[in-house]
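Asks: Mind folding the following:
(4 chains)
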Protein chains: 2
Amino acid sequence: MSNKEKVPENTAVRLSLCLRYLREMKDDENISSEQLAQLTGIPSARIRKDLSYFGQFGTPGKGYTVGKLKEQISKALGLDRQWNIALVGVGKLGRALLNYLTFKKSSFHIRAGFDVEREKIGKKISGVKIYDPYQMPKIIREKKIHMGIVTVPQEAAQEAVDLLVISGVKAILNFSPVRVVVPRYVKLRNVDLASQIEVIPFYLAKDNFPDR
Amino acid sequence: MSNKEKVPENTAVRLSLCLRYLREMKDDENISSEQLAQLTGIPSARIRKDLSYFGQFGTPGKGYTVGKLKEQISKALGLDRQWNIALVGVGKLGRALLNYLTFKKSSFHIRAGFDVEREKIGKKISGVKIYDPYQMPKIIREKKIHMGIVTVPQEAAQEAVDLLVISGVKAILNFSPVRVVVPRYVKLRNVDLASQIEVIPFYLAKDNFPDR
DNA sequence: GAGTGTGAATGTATTCACAGCA
DNA sequence: TGCTGTGAATACATTCACACTC
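Replies: The predicted structure is shown next:
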């Protein structure tokens, strides 16, 4: 049975981190929430609670079986299937992500890139073919793409997002440093790298520092 | 006078976002917290409260003067001075950040890059000279570098961080997808891009989606 | 009248601490 | 005995709503 409380905002991020460490272990090993806490830096009680929203996977006195835990977390996060991705904006950051995601085998598969630069269009970069943005609706339909990653300059961000939305994508990860708007039925997540840097001096001065 | 409550965790991130929009406006314009809310997507009351931790910058019935507000936020975030940065790991992601930070004039100046790859050492990339990591303590001292950005592969992350720490750096932004440990007097911030992607299917399935 | 600044009310997340199971 | 799973306690963050100022 699974805990009926509301799942907190970053349970998923924490479990994703746990999963990364579990992947480096053997399936038949055992691990306690306390050991996982050591590895990840997340308090053990938090880990147990995060897991409890999805079921009871542990054995009192013993801990968790790595293989089973991996499987359960993957399922909880929706990583037990294949997700097709479009990358919009194939600049330096885009290529870094491309590179990252095409290397390791995972639930994610970048199926197409889009860029306005003529020289890139038609080429393959890290094995991914680059298209002209006007082809987006067609390509996204054909390739059954579920989510978009936006790494275009900020001036182009809203336009890129709009194109993804009319193409039928249901989730967008936006790396451009502006707020963009989407219809309510589209899931949008913003990652603002500029702020991450800009914010450091504040925490340096103050003694408010998070995220150890 | 300034509100004596404790400053919440992501006040700084929110103010950094506000600042980005303010920078595109004329200094003598006026803006209300409600207008700023429209631009940023942050509720107006939250903006007013965030500002209130640092002083009273507005005029009732009128709003804020853009120029003054920019100045005050910059000061609150510690952006009213120059920060020297070392980039450790000059791969694709590193170069994306390099490119980003060297382009726009800002409070941040990347003064040196470090990488183990022989071909890169001695070269300049986006105007920044690349050094062998063993030179780190010397270079960081000479160039008065305050903070380090780590974009090395995960196996090398702890080593890179340790080198930065013994070189005397007081703040580190870690982009590698593992937890690294630092002494308590060093400020560490982790940005985990892999999790950002991995977590999307969860929010897609559930109807828990943040960060509009 | 319009919009700030802020206590008080509400909502969310984390941590504690322990009963209960293997 | 050792560790899970989870209510209850605490800490933290956001939002409301309004007295007050220009």
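Asks: measure the residue minimising distance to the centre of chain A to B:Glu119 for me?
Replies: By C-alpha atoms, centre = their mean, chain A has its centre lying nearest to A:Leu173, at 7.9 Å. Computed as C-beta to C-beta, to the nearest Å, the A:Leu173 to B:Glu119 distance reads 32 Å. Heads up, the C-betas are built off the backbone N, CA and C, glycines and all.
Asks: same check, this time on A:Met25
Replies: 35 Å.
Asks: So between those two, which is more surrounded?
Replies: Per other C-beta atoms under 10 Å in any protein chain shown, whichever of A:Met25 and B:Glu119 has more neighbours is A:Met25, with 15 against 8.
Asks: Quick check: the more buried one touching A:Ile31?
Replies: Yes: using C-beta atoms under 8 Å, A:Met25 is in contact with A:Ile31, at 6.9 Å.
Asks: what sits in contact with each of these two?
Replies: Listed contacts common to A:Met25 and A:Ile31 are A:Val66; contacts here mean C-beta atoms under 8 Å, 6 or more residues apart in numbering or on different chains.
Asks: element containing A:Asn99?
Replies: helix A:92-103 (DSSP states H and E).
Asks: Now do whichever helix or strand comes after that helix against helix A:92-103: the angle between them, please.
Replies: Using DSSP H and E, the helix or strand that follows helix A:92-103 towards the C-terminus is strand A:108-114. Strand A:108-114 and helix A:92-103 are oriented at 140 degrees to each other (axes from the mean of the first three to the mean of the last three C-alpha atoms, to 10 degrees).
Asks: who does strand A:108-114 touch, helix- and strand-wise?
Replies: strand A:83-88, helix A:92-103, strand A:128-131, helix A:136-142 (3 or more C-beta pairs under 8 Å, 6 or more residues apart in numbering or on different chains; DSSP states H and E).
Asks: Looking at the ones you listed, which is nearest to DNA strand C?
Replies: strand A:83-88 (23.9 Å; C-beta to the nearest atom of the strand).
Asks: Sheet-wise, list the partners of the closest one with their directions.
Replies: strand A:108-114 (parallel), strand A:147-150 (parallel) (DSSP bridges).
Asks: Report the buried residues of the first one.
Replies: By neighbour count, and taking 16 or more other C-beta atoms under 10 Å in any protein chain shown as the criterion, the buried residues in strand A:108-114 are A:Phe108, A:His109, A:Ile110, A:Arg111, A:Ala112, A:Gly113, A:Phe114.
Asks: what's the closest of those residues to B:Asp162?
Replies: The closest of the buried residues of strand A:108-114 to B:Asp162 turns out to be A:Phe108 (C-beta to C-beta; 31.5 Å).
Asks: Okay, domains of chain A per the record?
Replies: What automatic domain parsing lists as the domains of chain A is A:11-77, A:83-196.
Asks: What mean pLDDT does the last one get?
Replies: So that's domain A:83-196. The average of the pLDDT scores along domain A:83-196 is 95.
Asks: Residues of chain A that sit close to DNA strand D?
Replies: Neighbours of DNA strand D within chain A, by C-beta under 7 Å from any atom of the strand: A:1-3, A:32-34, A:44-45, A:48-49, A:51-52, A:56-64.
Asks: let's see it at 10 Å
Replies: A:1-5, A:9, A:30-37, A:43-64, A:69, A:72, A:208, A:210 (C-beta under 10 Å from any atom of the strand).
Asks: Now do the strands in chain A.
Replies: A:30-31, A:64-65, A:83-88, A:108-114, A:124-125, A:128-131, A:147-150, A:171-174, A:187-190 (DSSP state E).
Asks: Determine which stretch of the ones you listed is the most buried.
Replies: strand A:147-150 (a mean of 26; mean count of other C-beta atoms under 10 Å in any protein chain shown).
Asks: What lies in contact with that strand?
Replies: Here strand A:147-150 has contacts from A:83-89, A:94, A:97, A:110, A:157, A:160-161, A:164, A:169-176, A:180, B:197, B:200, B:204, using C-beta under 8 Å, 6+ apart.
Asks: do the same with stretch A:31-42
Replies: Counting by C-beta under 8 Å, 6+ apart, A:14, A:17-18, A:21-22, A:25, A:43-45, A:47-48, A:51, A:58, A:62-64, A:66, A:69, A:212, B:179 sit against stretch A:31-42.
Asks: One more: stretch A:194-205?
Replies: With C-beta under 8 Å, 6+ apart, stretch A:194-205 has contacts from A:177, A:208-210, B:12-13, B:16-17, B:19-20, B:76-79, B:81, B:83, B:97, B:100-101, B:106-108, B:146-147, B:149, B:170-171, B:173, B:187, B:189, B:191.
Asks: out of these, which are buried?
Replies: A:177, A:209, B:12-13, B:16-17, B:19-20, B:76-79, B:83, B:97, B:100-101, B:108, B:146-147, B:149, B:170-171, B:173, B:187, B:189, B:191.
Asks: what's around A:Asp80, how many residues?
Replies: A:Asp80, neighbours per other C-beta under 10 Å, totals 13.
Asks: ok, now which ones touch it?
Replies: A:Glu71, A:Ser74, A:Ser107.
Asks: Give the single residue among those residues positioned nearest to DNA strand C.
Replies: Closest approach to DNA strand C among these (C-beta to the nearest atom of the strand): A:Glu71, at 19.5 Å.
Asks: Measure how buried that closest one is and give me the count.
Replies: By other C-beta under 10 Å, the residues close to A:Glu71 number 16.
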